[in-house]
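**Student:** Please find the sequence and the predicted model below.
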Amino acid sequence: MTFKAITRRAWLAGVSAIAAGTMTLGAGAAAAQDKVVLGALRFTSHAAGFIAYEKGYFKDEGLDVSFEFFQAAQPIAVATAGGDVDFGVAGVTGGLMNLAEKDAIRIVAGVLHEKKGVDGMMVMASNKAYDEGLTTVPGIKGHSMAMTQVGSTFHYMTSRIADKEGFTIQDMKMVPLQKVGSMVAALKSGQVDAMIMVPHVAKPLVAAGAAHELGWLYDYAEYQISTLFTSVDNIENNRDMVERFIRAYAKGIAEFNRVMLSPDADPAELDEMTRMIAKYVSPDKPYEDAKTSIQQGAMNLNEGAALNKTDVAAQMQWFKDEGLVQSDLSVDQLVDDSFVKNY
């Protein structure tokens, strides 16, 4: 793939320039023509974008946003770098880092961050493995562990647990299954012993007796799980659009945290927001079937879309140490810290 080729964004910019030469538009009308595609997963943790769309925050910033959904994180980074989508929300993966090293993509904001006291990623065991003695998180040593791809966030999260418990990722049998749905199916059938999963997927599995809860990732790592990224082309040639998008997305984060994480949320407001999210997270389910898992799956999002750059740098170093990123990539190549607060 050649990332210097004309992208969909560049083509649209050319069309806009032609239109500007044939008619006079007010600033609001011109901004309203910005069509933006956001690549995402059907996860509750990606809900800030859905909320920003439903509440008109993107529209207020002159953005006509649509969504493209994926089954795993790394393809979102590839699509963003190639211009098939304008922004992506996903974890910090080896694939994203390799694209950043090619000056195709940059992280511009934070999205999902583990926080002790807020249910996050659950460590789970299959019923088969649990019955055979896998009943604690340290016990995963020597067992098979589901992940999407080598170099995925699931790969990294498992390593964080291993490091804290005194063993290494090489002591695990990591099983790449490409899709989250395939991970779930493998755990339920006992083909893998364990996995780490978002709560809106994990809690219903445990409640249904299809798996067992072992513990929570926040006991091992309060880390920057997912980020917002865009192409270098957008940053260099359409910075104003990037700034407007991040402002709207941050408003979606604020609303999500205010309502979905509050123990005292107004029931009517909670129901309204849950319905918004369900349209995207569980489009094929009746609302009453999706409601509980969405509300139980609310995770901590970065206020103001701030980014834990320090943790991103630590993640990058792990990928290098594991040989999953073979370059001299620096954190300043991976992260453009000029858009949001970094810490």
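**Tutor:** Thanks, I have it.
**Student:** Pick out the residue nearest the middle of this protein.
**Tutor:** Nearest to the mean C-alpha position of the chain, by C-alpha atoms, centre = their mean, lies Ala90 at 3.0 Å.
**Student:** and that one, that's in a helix?
**Tutor:** No. The assignment for Ala90, made by DSSP: H, G, I helix; E, B strand; the rest coil, is strand rather than a helix.
**Student:** Got the domain ranges for this structure?
**Tutor:** If you go by automatic domain parsing, the domain ranges for the chain are 8-113+224-334, 122-219.
**Student:** possible to save these as JSON lines with distance to Lys341?
**Tutor:** Glycine gets a C-beta too; all of them are placed from N, C-alpha and C. Below are the domains of the chain laid out as JSON lines (distance: least, C-beta to C-beta, whole Å):
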{"stretch": "domain 8-113+224-334", "distance to Lys341": "4"}
{"stretch": "domain 122-219", "distance to Lys341": "22"}
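**Student:** Look up how far Leu307 lies from the closest residue to Ser226 other than its chain neighbours.
**Tutor:** In space, and not counting its chain neighbours, Ser226 is closest to Leu112: 4.1 Å by C-beta to C-beta, 6 or more residues apart in numbering. Distance from Leu112 to Leu307, counting by C-beta to C-beta, to the nearest Å: 11 Å.
**Student:** what touches both of the two?
**Tutor:** By C-beta atoms under 8 Å, 6 or more residues apart in numbering, Leu112 and Leu307 have these common neighbours: Gln224.
**Student:** returning to what we had before: what residues are bridge-paired with the residue nearest to the centre of the chain?
**Tutor:** Applying DSSP bridges to Ala90 gives these bridge partners: Thr227.
**Student:** quick one: the strands in the stretch 1-150 of the chain?
**Tutor:** 34-40, 63-69, 87-91, 105-113, 122-126, 144-147 (DSSP state E, counting those that start in this stretch).
**Student:** Ser338 is nearest to which of the ones you listed?
**Tutor:** strand 105-113 (8.3 Å; C-beta to C-beta).
**Student:** who's in contact with Val65?
**Tutor:** 36-38, 49, 52-53, 58, 245.
**Student:** Could you check the pLDDT of it?
**Tutor:** On pLDDT, Val65 comes in at 98.
**Student:** Please identify the nearest residue in space to it, excluding sequence neighbours.
**Tutor:** Leaving aside its sequence neighbours, Val65 sits nearest to Phe58 (C-beta to C-beta, 6+ apart; 4.4 Å).
**Student:** Enumerate every residue touching the one you found.
**Tutor:** 36, 52, 64-65, 245, 248.
**Student:** let's see 6 Å
**Tutor:** 52, 65, 248 (C-beta atoms under 6 Å, 6 or more residues apart in numbering).
**Student:** nearest to Glu132, of those residues?
**Tutor:** Ala52 (45.4 Å).
**Student:** Contact partners for the residue lying closest to the closest one once chain neighbours are set aside?
**Tutor:** Residue nearest to Ala52 in three dimensions, not counting chain neighbours: Gly252, with 3.3 Å by C-beta to C-beta, 6+ apart. By C-beta under 6 Å, 6+ apart, the contact set of Gly252 is 48, 51-52.
**Student:** what about Gly252, which SS state?
**Tutor:** Relying on three-state DSSP, one would call Gly252 helix.
**Student:** For it, give me the pLDDT.
**Tutor:** At Gly252, the pLDDT recorded in the model is 98.
**Student:** Can you show me the helices along the stretch 151-300 of the chain?
**Tutor:** Taking DSSP state H, counting those that start in this stretch as the criterion, the stretch 151-300 of the chain contains helices spanning 153-165, 180-189, 199-207, 232-237, 239-260, 267-281, 287-296.
**Student:** Of all the ones you listed, which one is nearest Ala100?
**Tutor:** helix 232-237 (8.6 Å).
**Student:** pLDDT of that closest one, averaged?
**Tutor:** Mean predicted confidence for helix 232-237 is 97.
**Student:** what's the most distant pair in the contacts of Val65?
**Tutor:** Val37 and Ala52 (14.1 Å).
**Student:** These two - which one has more neighbours?
**Tutor:** Ala52 (28 against 20; other C-beta atoms under 10 Å).
**Student:** Phe197 pairs with what?
**Tutor:** Heads up, residue 197 is Met, not Phe. Beta-bridge partners, per DSSP bridges, of Met197: Met122.
**Student:** okay, now it: neighbour count?
**Tutor:** By other C-beta under 10 Å, 22 other residues sit near Met197.
**Student:** For it, give its distance to Glu54.
**Tutor:** From Met197 to Glu54 the distance is 26 Å (C-beta to C-beta).
**Student:** hey, least reliable of the domains of the chain by pLDDT?
**Tutor:** Among the domains of the chain, domain 8-113+224-334 scores lowest, with a mean of 89.
**Student:** chain center to it: distance?
**Tutor:** 8 Å (C-alpha atoms, centre = their mean, to the nearest Å).
**Student:** quick one: Ser338 and Arg106, what's the gap?
**Tutor:** Ser338 sits 10 Å away from Arg106, going by C-beta to C-beta.
**Student:** got it, and Val335?
**Tutor:** Taking C-beta to C-beta, one finds Val335 at 7 Å from Arg106.
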